[in-house]
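Trainee: Sharing a model that was predicted from the sequence below.
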Amino acid sequence: MLSAGSRTLDVTFTPTDTTNFASVTDSVTITVNQATPVLSWTTPAAIAYGTALGAAQLNASAPVPGKYSYSPSAGAVLTLGSQPLSVIFTPTDSTDYTSATDGVTLTVIQAVPSISWIPKGPIAIGMPLGPEQLNATAIAPAGTTPVGGDFNYTPSAGTIFSTAGPQKLSVSFTPFDTTDYTSASAGITMNPSVFDVVAWGDSLTWGYQGFYDQGDYPDDLKKLLSLSVKNMGVDGQTSTQIGVRQGGVKSVVSVAGGMIPTSGGVTVTFPTCSQSDCPTYTPVTTYGPAGGLSGTILGVHGTITIDSMTSILTFTPTTPPTSPVSAPGTPPFIVDTPYSSALPIFWEGRNDFMWTAQILSDLAGQVATVPTGQDYAVLSIINMQRPSEWYGVSGNTLYQWLIPFNEQLESIYQSHYIDIRKILVDAYDPTQATDVTDYQHDEVPTSLRAIDIEGTLVNAIGPNDTTITLTSKSGNFPISGSILNLDTGANAELVQVTAASGDTFSVTRGYGGNQTSHAAGVPMKMNDIIHLNAQGSQVVACAVAHYLSAYANSTLSTTCP
């Protein structure tokens, strides 16, 4: 096998009769031309529109090593119809072989879009089907590119299911581009169920704070949704206590005498810790829940109630056991969970402020109980009206804790997180000087805080006076440390009481608002430094209702624009 080019062939002839003949030689020149490789390329199977060219189509082969250059190249997306493909083959051995070309025809057919349909929320009995359930999307095959078109659902939007049980939903999709795409369809099965919205929390959830103008955000929320809303807030409770009531935080009890009797109740206690401000597991306090808390101890079902005078907890069996039940040590208390299928709103952590790890652990346990596919929301912790929780002031250590903690909640719960603190801050009244200061402090505005005492300023004061005399409509007077809101509008000012004697008070001026003169008879209000009034509760309810807009009724757009 000669390489290409001009080659010499030599021959030597040796006669048989070497006596009479001599050997002889000769030569000639031969030209060896380059060979052209024969390519093999089978016509590929048809592909759907939108499919990028790849190895399945660009698979020509040659009998010798070399490089293939395709046109169109790998990754190209071809239009519909018969499309030519070509290749140029360049052999590695360019001395002996020439380049070669070949071609095939590829058929591109209409693509069937892929339908993705994952509802964002469950179907509640009595609630109309809406965008949370009817949210199918069409995707080009073998890709992530959305395909535009019309979706026709059966049952259609607005359909209301009145009974539980599996319901088949289907969708037919008609693409706008009917040249390149065909129609497509898909179906899913959902189970309509009865569920409520349950607001878990402390006094901020329970509401009813202040002397008048009281708020209750779960009740306001109920008026905005087509679902029932249950208020499960209890004054003064920590995230741990709330978690025990909700069922996401496990707890144990000590049973007095180590025995559950056959009649009557028995005293029980929950774990405590030595530090005065650390979380307690005791889920029932004199503030609630009303009627106590039901659950099971060692297979005996009953209710734990509290004596309002002594704070002693008693476990009373629902059906007394036929014989005493031994309960040594600290057996588990397994709380009843009647709202296990509910849509929960968690607003907690204010009362165990700064116990970061405990709050996060308690919330994680509660969220873990939420059924798969059920929505929920976690609300941020709000500021108290005190300098340590203000932005931009010296000694604001608690503000420096609060903001990063809320950011941590957001990073954990993402789309389930509602920054209610920021929503309240942004709801300030710019006509009130005190609210303007609050906004600068990045705190909940004075105009949204509950009012504990209302009265008037008896004596006129100048901008530097520090002694004031007050009347009170409720008969109660502020105590040292109280925050008072004097006057209204551009003259509104916050002062802090430093000493009290009857109806006369020493105050620190310039706590917020406009430090100015105030006439006798201007209104005075003593603010609750943490709780909200009716307007503040409405702001919270609107924020939650917008989050749960899939379950909103017709009043949402007018009540919460």
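Mentor: That came through fine. It should be emphasised that the depicted structure is a prediction, and the values quoted were computed from it without experimental measurement.
Trainee: show me the contacts for Arg386.
Mentor: By Cβ atoms under 8 Å, 6 or more residues apart in numbering, the contact list for Arg386 reads Leu398, Ile529. C-betas here are computed from N, CA, C, even on glycine.
Trainee: Work out for me the element the nearest residue to Gly512 once chain neighbours are set aside sits within.
Mentor: Here the nearest residue to Gly512 in space, its sequence neighbours aside, is Leu494; by Cβ to Cβ, 6 or more residues apart in numbering that works out to 3.5 Å. Taking DSSP states H and E as the criterion, the element that holds Leu494 is strand 493-501.
Trainee: Okay, now the sheet partners of that strand, with direction.
Mentor: Each strand pairing with strand 493-501, determined using DSSP bridges, is listed with its direction: strand 483-486 (antiparallel), strand 504-513 (antiparallel).
Trainee: Output that strand as PDB, nothing but the C-alphas.
Mentor: Extracted C-alpha coordinates of strand 493-501, given in PDB (Å, rounded to 0.1, in the frame of the first residue of the first chain):
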ATOM      1  CA  GLU A 493     -45.400  64.900  70.600                       C
ATOM      2  CA  LEU A 494     -44.300  61.800  72.500                       C
ATOM      3  CA  VAL A 495     -43.000  62.300  76.000                       C
ATOM      4  CA  GLN A 496     -41.900  59.700  78.600                       C
ATOM      5  CA  VAL A 497     -43.100  59.900  82.200                       C
ATOM      6  CA  THR A 498     -40.200  59.800  84.700                       C
ATOM      7  CA  ALA A 499     -42.200  60.400  87.900                       C
ATOM      8  CA  ALA A 500     -45.900  60.500  88.900                       C
ATOM      9  CA  SER A 501     -47.800  62.200  91.700                       C
END
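Trainee: mind listing what's buried in that strand?
Mentor: Glu493, Leu494, Val495, Gln496, Val497, Ala500 (16 or more other Cβ atoms under 10 Å).
Trainee: Now do the same contact list for the fifth one.
Mentor: For Val497, the set of contacting residues under the criterion of Cβ under 8 Å, 6+ apart consists of Pro478, Ile479, Ser480, Gly481, Ser482, Ile483, Leu484, Phe505, Ser506, Val507.
Trainee: Is it possible to mark the buried ones in the residues you listed?
Mentor: For these, buried by 16+ other Cβ under 10 Å: Pro478, Ser482, Ile483, Leu484, Phe505, Val507.
Trainee: Pipe the buried residues of strand 493-501 into TSV and attach distance to Leu169 per row.
Mentor: Shown next, in TSV, are the buried residues of strand 493-501 (distance: Cβ to Cβ, whole Å):
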residue	distance to Leu169
Glu493	59
Leu494	56
Val495	61
Gln496	60
Val497	62
Ala500	66
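Trainee: Now the two most distant members of the contacts of Val497.
Mentor: Of all pairs drawn from these, the widest gap by Cβ to Cβ lies between Ile483 and Ser506 and measures 14.2 Å.
Trainee: And the strands in the stretch 101-250 of the chain, which stretches?
Mentor: In the stretch 101-250 of the chain, strands defined by DSSP state E, counting those that start in this stretch lie at 114-116, 137-139, 149-154, 167-175, 184-190, 197-201, 229-233, listed in chain order.
Trainee: Dump those strands into CSV; add mean neighbour count and distance to Ile242 as well.
Mentor: Below are the strands of the stretch 101-250 of the chain laid out as CSV (neighbours: other Cβ atoms under 10 Å; distance: least, Cβ to Cβ, whole Å):
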stretch, mean neighbour count, distance to Ile242
strand 114-116, 16, 37
strand 137-139, 18, 38
strand 149-154, 14, 39
strand 167-175, 17, 34
strand 184-190, 15, 31
strand 197-201, 26, 6
strand 229-233, 21, 8
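Trainee: As CSV, those with distance to Thr282 would be great.
Mentor: Shown next, in CSV, are the strands of the stretch 101-250 of the chain (distance: least, Cβ to Cβ, whole Å):
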stretch, distance to Thr282
strand 114-116, 48
strand 137-139, 49
strand 149-154, 50
strand 167-175, 43
strand 184-190, 40
strand 197-201, 16
strand 229-233, 16
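Trainee: How many residues are close by Ser27?
Mentor: Using other Cβ atoms under 10 Å, Ser27 has 8 other residues around it.
Trainee: so how far is Ser3 from it?
Mentor: Distance check for Ser27 against Ser3: by Cβ to Cβ, to the nearest Å, it reads 18 Å.
Trainee: Can you spell out which residues form a bridge with Thr25?
Mentor: Thr12.
Trainee: pretty sure it is touching Phe13, no?
Mentor: Yes: between Thr25 and Phe13 there is a contact at 7.3 Å, judged by Cβ atoms under 8 Å.
Trainee: Now do the contacts for His147.
Mentor: For the record, residue 147 is Val, not His. Taking Cβ under 8 Å, 6+ apart as the contact definition, Val147 lies against Pro113, Ala138, Ile139, Ala140, Pro175, Asp177, Tyr181.
Trainee: Pull the most distant pair out of those.
Mentor: Taking Cβ to Cβ as the measure, the contacts of Val147 span a maximum distance of 13.6 Å, between Ile139 and Asp177.
Trainee: gap between stretch 467-479 and the chain center?
Mentor: Centre-to-centre, stretch 467-479 and its host chain are 45 Å apart (Cα atoms, centre = their mean, to the nearest Å).
Trainee: hmm, who's touching the helix of greatest length in the chain?
Mentor: Among the segments of the chain that qualify as a helix by DSSP state H, the longest is helix 397-413. Residues from elsewhere that reach helix 397-413, judged by Cβ under 8 Å, 6+ apart: 353-354, 356, 359-360, 363-364, 367, 378, 380-381, 383-384, 386, 388-391, 417, 419, 421, 442.
Trainee: Please pick the buried ones from these.
Mentor: Among those, the ones that count as buried by 16+ other Cβ under 10 Å are 353, 359-360, 363, 367, 378, 380-381, 383-384, 386, 388-391, 417, 419, 421, 442.
Trainee: which of the contacts of Val147 has the weakest pLDDT?
Mentor: Least confident by pLDDT among those: that is Ala140, with 88.
Trainee: and the gap between it and Pro331?
Mentor: Counting by Cβ to Cβ, the gap from Ala140 to Pro331 is 59 Å.
Trainee: Identify each buried residue in stretch 539-552, please.
Mentor: Neighbour-count burial for stretch 539-552, with 16+ other Cβ under 10 Å as criterion, is recorded at Val539, Val540, Ala541, Cys542, Ala543, Val544, Ala545, Tyr547, Leu548, Ala550, Tyr551, Ala552.
Trainee: so what's the closest residue to Ala22 other than its chain neighbours up against?
Mentor: In space, not counting the residues next to it along the chain, Ala22 is nearest to Pro15; the distance is 7.5 Å by Cβ to Cβ, 6+ apart. Contact partners of Pro15, counting by Cβ under 8 Å, 6+ apart, are Phe21, Ala22, Ser23.
Trainee: So which of the residues you listed belong to helices?
Mentor: Counting by DSSP H, no part of these is found in helices.
Trainee: And the helices in the stretch 151-300 of the chain, which stretches?
Mentor: In the stretch 151-300 of the chain, helices defined by DSSP state H, counting those that start in this stretch lie at 203-206, 217-222, 239-246, listed in chain order.
Trainee: Comparing those, which comes out most buried?
Mentor: Relative to the other members of the helices of the stretch 151-300 of the chain, helix 239-246 carries the highest mean neighbour count by mean count of other Cβ atoms under 10 Å, namely a mean of 27.
Trainee: what's it in contact with?
Mentor: Among residues not part of helix 239-246, those counted as contacts by Cβ under 8 Å, 6+ apart are 200-202, 232, 234, 237, 249-251, 270, 279-283, 285, 289, 293, 333, 335, 337, 339, 344, 346, 348-349, 351-352, 355, 358-359, 362-363, 365-366, 369.
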